[in-house]
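Asker: Below is the sequence, then the predicted model.
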Amino acid sequence: MGIEDTGSKGTAGRMIALFTDCGLDGPYTGQMKAVLLRMAPGVPVIDLFADAPAGDPRASAYLLAAYAPWFPEGTVFLCVVDPGVGGARPAVVVEADGRWYVGPGNGLFELVQRRGREMRSFTVDWRPERLSASFHGRDLFAPVAAMLARGDAPRGGPCDESAVRRPDWPDDLAEIVYVDHYGNAMTGMRAASLPGEARLAAAGRLLTRARTFGDRPPGEAFWYENSNGLAEIAVNAGRADRGLGLAVGTTVEVIA
Amino acid sequence: MGIEDTGSKGTAGRMIALFTDCGLDGPYTGQMKAVLLRMAPGVPVIDLFADAPAGDPRASAYLLAAYAPWFPEGTVFLCVVDPGVGGARPAVVVEADGRWYVGPGNGLFELVQRRGREMRSFTVDWRPERLSASFHGRDLFAPVAAMLARGDAPRGGPCDESAVRRPDWPDDLAEIVYVDHYGNAMTGMRAASLPGEARLAAAGRLLTRARTFGDRPPGEAFWYENSNGLAEIAVNAGRADRGLGLAVGTTVEVIA
Amino acid sequence: MGIEDTGSKGTAGRMIALFTDCGLDGPYTGQMKAVLLRMAPGVPVIDLFADAPAGDPRASAYLLAAYAPWFPEGTVFLCVVDPGVGGARPAVVVEADGRWYVGPGNGLFELVQRRGREMRSFTVDWRPERLSASFHGRDLFAPVAAMLARGDAPRGGPCDESAVRRPDWPDDLAEIVYVDHYGNAMTGMRAASLPGEARLAAAGRLLTRARTFGDRPPGEAFWYENSNGLAEIAVNAGRADRGLGLAVGTTVEVIA
């Protein structure tokens, strides 16, 4: 997996990827981008997810850990799934395998950290002149992401691991963690963690594995390894979410 | 409020912010951006709102006036909430406190103008070679915004204030003017205009003020000052729109 | 139609326009943009459609052919409406009237090809190191679009026209092919192909032609030539989709 280097690179090679539950249409993503633009001009910004599971750092953590490693080293992930904004949760920076993650210390980086080979983490001490009570994505995380993207060394104290880590979460999550634009339902399980012949049971249905959509007749449900390595439930030429009654949080059972 | 200057600036420092009811997924925003790109290359474009209240310049006017001042001086706002496109409403440019606003003269800039300290306005005389009957955002407003963003002086005659201004609209609007991605419902009232202990009544519910989400138990409704200064109705870990039955246009009552 | 050259141009003048059914909020468009950014740095990317009719290359073909000619020559269209991904359909590059189209050879370019004056097409022989089974938009089409946008000559063999073309599709499609953010319903018919006084019958309603929205009373349904030349069904100050019961695929009858 990963971006192939078949062509020329940007001079810096840095980019900022947004992983949020903020949506794109409304004012939140735009304001964060305005901050990034002012503080790290010239650094490209990519919308990775704007519809991560709203207010659900646990489901989001499995999604982030599946999609982030595809991006090149040096990428800065600005991550905002932050239901506890304004409360006691710390603000953290994680460096894992050459990529940077900025956001709330609420478990959102748990799987990135657990799967990383080289890893450091910091609490963010920096504070803006004005910090709103409800939008740290704009006021705190975006400025810190911009500083990292332009090459500043991370400033901050050691991370209180006990506040930030979630050792009780499983290595792979047997639940739906995301429903995409087509109605495909991603689980929090890496396909590589499952036996090749595993079947998945969800919402009263038993699903076998396929390679891709066209391998099954229209209307048939199946599971497959999606393009970022997650086990995903889909229906050829149909919507798995509506057809099978799947949503974020639906339990999935592995039948080996 | 405002973007903090903790870092380096872009050479020009200019940006164009889009405030529209056009949506992002479909062809309208993309075509406007293609025009901006051709006519003002190198000027960054930010999506501020693409889901302003559709066809509702009055509600949109309170939203725009709350969010625009956060942006740096020099920002050009390309504003398209234009139900009367192709009809008699004029096309206008407003300069208020160093920011530029381009769009239909249908009241959309009323609150920006009313709250501005230094202000000028023009009617747009410039016309493109081809002007469609239904998409002045692309054919007229985007080119004018691009010209302003690249530093051209505004061209146009004096504005007929009687056609453009809306003196009968209140200073703060006691209605829901926007429902965000999370289901939070923004009113058209600046929180600073309300007594500190004010309660809000909406859809048969009486709501007290909180600082932020985490100050209330999950499921509880409240109001608070949002990150751009508006009084906003929310539910901790829930959706205020569905839970309380709120939508754009719902009346809100202030109980001091 | 087309972008007017009233101002300065970008140095290269090239842009990449995305025409997909992938949505913007989720991970697909962002990953494609990350590839474009790495392989064609500095080339601007425009989201034209992210909500083309999902899995429907036929309806999408009429939409693409209506919107693409508005863009300047040299534009590269990265097109992903690809229900047969991972199957036998070829990957193709089409050059038509100075614009480039990259995507699946499933009919998506049929109307662009049929209406083009100067035209070439190729099958894509290039393959990435890793090609996922379900996301050729990212792994195959985006790299090829980037190569074209940075000026590489197209590499590939002659196109098997019998596999790619759809001679049985009509020149104009008397169906709804797109419902926009406002609920307006675009047909696959060019307004210029219809008699001036033609009426359209759809979902049991008979609609006469108007110039634009404001020419009809609020709530009244009509059809008009939209800003890219398609016959479109709309309701002044209302939603045609919900009001009339229109969706992608609804048949429209022309009554001359």
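Answerer: In hand now; what should we look at?

Asker: Can you report how many residues neighbour A:G98?
Answerer: Neighbours of A:G98 under the rule other Cβ atoms under 10 Å in any protein chain shown: 12. Where you see a C-beta, it was placed from the backbone N, CA and C, and this is true even at glycine.

Asker: Looking at the nearest residue to it once chain neighbours are set aside now. What's its pLDDT?
Answerer: With sequence-adjacent residues excluded and distances taken as Cβ to Cβ, 6 or more residues apart in numbering or on different chains, A:G98 is closest to A:E73, at 3.4 Å. We note a pLDDT of 95 for A:E73 in this prediction.

Asker: go on, A:T11?
Answerer: With respect to pLDDT, A:T11 scores 36.

Asker: if we can go back for a sec, could you tell me whether the residue nearest to A:G98 really is in a strand?
Answerer: No: note on A:E73: no strand contains this position according to DSSP: H, G, I helix; E, B strand; the rest coil, which reports coil.

Asker: Could you pull up the residues touching it?
Answerer: A:D97, A:G98, A:R99 (Cβ atoms under 8 Å, 6 or more residues apart in numbering or on different chains).

Asker: With distance to A:L194, secondary structure and pLDDT as new columns, can the residues you listed be given to me in JSON lines?
Answerer: Shown next, in JSON lines, are the contacts of A:E73 (distance: Cβ to Cβ, whole Å; DSSP: H, G, I helix; E, B strand; the rest coil; pLDDT from 0 to 100):
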{"residue": "A:D97", "distance to A:L194": "24", "secondary structure": "coil", "pLDDT": "96"}
{"residue": "A:G98", "distance to A:L194": "28", "secondary structure": "coil", "pLDDT": "95"}
{"residue": "A:R99", "distance to A:L194": "26", "secondary structure": "strand", "pLDDT": "97"}
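
Asker: now the longest helix along chain A: how far from the chain's centre is it?
Answerer: Of all segments of type helix in chain A, defined using DSSP state H, the longest is helix A:27-39. Between the centre of helix A:27-39 and the centre of its host chain there is 19 Å, according to Cα atoms, centre = their mean, to the nearest Å.

Asker: Return that helix as CSV; C-alpha atoms alone will do.
Answerer: Below are the C-alpha coordinates for helix A:27-39, written out as CSV (Å, rounded to 0.1, in the frame of the first residue of the first chain):
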residue,chain,number,x,y,z
PRO,A,27,-17.9,26.4,8.4
TYR,A,28,-15.6,24.1,10.3
THR,A,29,-13.3,22.6,7.7
GLY,A,30,-13.0,26.0,5.9
GLN,A,31,-11.9,27.8,9.0
MET,A,32,-9.3,25.2,9.8
LYS,A,33,-8.0,25.5,6.3
ALA,A,34,-7.8,29.2,6.6
VAL,A,35,-5.6,28.8,9.6
LEU,A,36,-3.3,26.3,7.8
LEU,A,37,-3.1,28.6,4.8
ARG,A,38,-2.0,31.5,6.9
MET,A,39,0.4,29.6,9.1
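
Asker: if I look at the residue nearest the centre of chain A, how far off is A:L108?
Answerer: Among the residues of chain A, the one closest to the centroid is A:L64, at 2.1 Å (Cα atoms, centre = their mean). Separation of A:L64 from A:L108 (Cβ to Cβ, to the nearest Å): 7 Å.

Asker: residues shared between the contacts of the two?
Answerer: Common neighbours of A:L64 and A:L108 (Cβ under 8 Å, 6+ apart) are A:C79.

Asker: Other residues contacting the helix or strand containing A:G188?
Answerer: If you go by DSSP states H and E, A:G188 is part of strand A:185-190. Contacts to strand A:185-190, defined as Cβ under 8 Å, 6+ apart, come from residues A:59, A:62-63, A:66, A:172-180, A:200, A:202, A:223, A:226, A:229-234, A:240-241, A:244, A:246-247, A:250, A:252, A:254.

Asker: Ramachandran coordinates for A:A210?
Answerer: phi -130, psi 170 (degrees, to the nearest 10).

Asker: tell me the contacts of the nearest residue in space to A:L36 that is not next to it in sequence?
Answerer: Leaving aside its sequence neighbours, A:L36 sits nearest to A:A146 (Cβ to Cβ, 6+ apart; 5.1 Å). Contacts for A:A146 (Cβ under 8 Å, 6+ apart) come out as A:I16, A:V35, A:L36, A:R38, A:M39, A:A40, A:V43, B:G7.

Asker: redo that, cut-off 7 Å
Answerer: Neighbouring residues of A:A146 by Cβ atoms under 7 Å, 6 or more residues apart in numbering or on different chains: A:V35, A:L36, A:M39, A:A40, B:G7.

Asker: try A:D51
Answerer: Taking Cβ under 7 Å, 6+ apart, one finds A:D21, A:G23, C:D25, C:G26 in contact with A:D51.

Asker: what about it, distance to A:A231?
Answerer: 20 Å.

Asker: ok so, going back, the strand holding A:G188 versus helix C:27-39: what angle between them?
Answerer: Angle of strand A:185-190 versus helix C:27-39, following axes from the mean of the first three to the mean of the last three Cα atoms, to 10 degrees, is 60 degrees.

Asker: what's the model's confidence in strand A:185-190, averaged?
Answerer: Strand A:185-190 comes out at a mean pLDDT of 98.

Asker: And for stretch A:203-219?
Answerer: For stretch A:203-219, mean pLDDT rounds to 93.

Asker: Extract the CA atoms of that stretch and return them as CSV.
Answerer: Listed next in CSV are the C-alpha coordinates belonging to stretch A:203-219 (Å, rounded to 0.1, in the frame of the first residue of the first chain):
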residue,chain,number,x,y,z
ALA,A,203,-27.3,-8.2,11.0
GLY,A,204,-28.4,-11.8,10.7
ARG,A,205,-26.6,-12.5,7.5
LEU,A,206,-23.7,-14.8,6.7
LEU,A,207,-21.3,-13.4,4.2
THR,A,208,-18.4,-15.1,2.3
ARG,A,209,-15.4,-13.4,0.9
ALA,A,210,-15.0,-12.1,-2.6
ARG,A,211,-12.1,-10.4,-4.4
THR,A,212,-14.2,-7.5,-5.7
PHE,A,213,-17.7,-6.4,-6.7
GLY,A,214,-17.9,-7.9,-10.2
ASP,A,215,-17.2,-11.4,-8.8
ARG,A,216,-20.7,-11.5,-7.4
PRO,A,217,-24.1,-11.2,-9.2
PRO,A,218,-25.9,-7.9,-8.8
GLY,A,219,-27.7,-7.6,-5.5
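
Asker: how far does stretch A:102-119 sit from the chain's center?
Answerer: The answer for stretch A:102-119 is 10 Å, by Cα atoms, centre = their mean.

Asker: List the buried residues of it.
Answerer: A:102-116 (16 or more other Cβ atoms under 10 Å in any protein chain shown).

Asker: From start to finish, how long is that stretch in a straight line?
Answerer: 14 Å (Cα to Cα, to the nearest Å).

Asker: How about stretch A:172-187?
Answerer: First-to-last distance for stretch A:172-187 - Cα to Cα - comes to 9 Å.

Asker: Mind picking the two most distant members of the buried residues of stretch A:102-119?
Answerer: Maximum pairwise distance in the buried residues of stretch A:102-119, criterion Cβ to Cβ, is 19.4 Å, between A:P104 and A:R115.

Asker: any low-confidence regions in chain A?
Answerer: A:1-12 (pLDDT under 70).

Asker: residues from it in reach of chain B?
Answerer: Residues of chain A lying close to chain B by Cβ under 7 Å from any Cβ of the partner chain are A:22-27, A:30-31, A:33-35, A:37-41, A:54-55, A:83-87, A:128-130, A:132-135, A:138, A:143, A:146-147, A:150.
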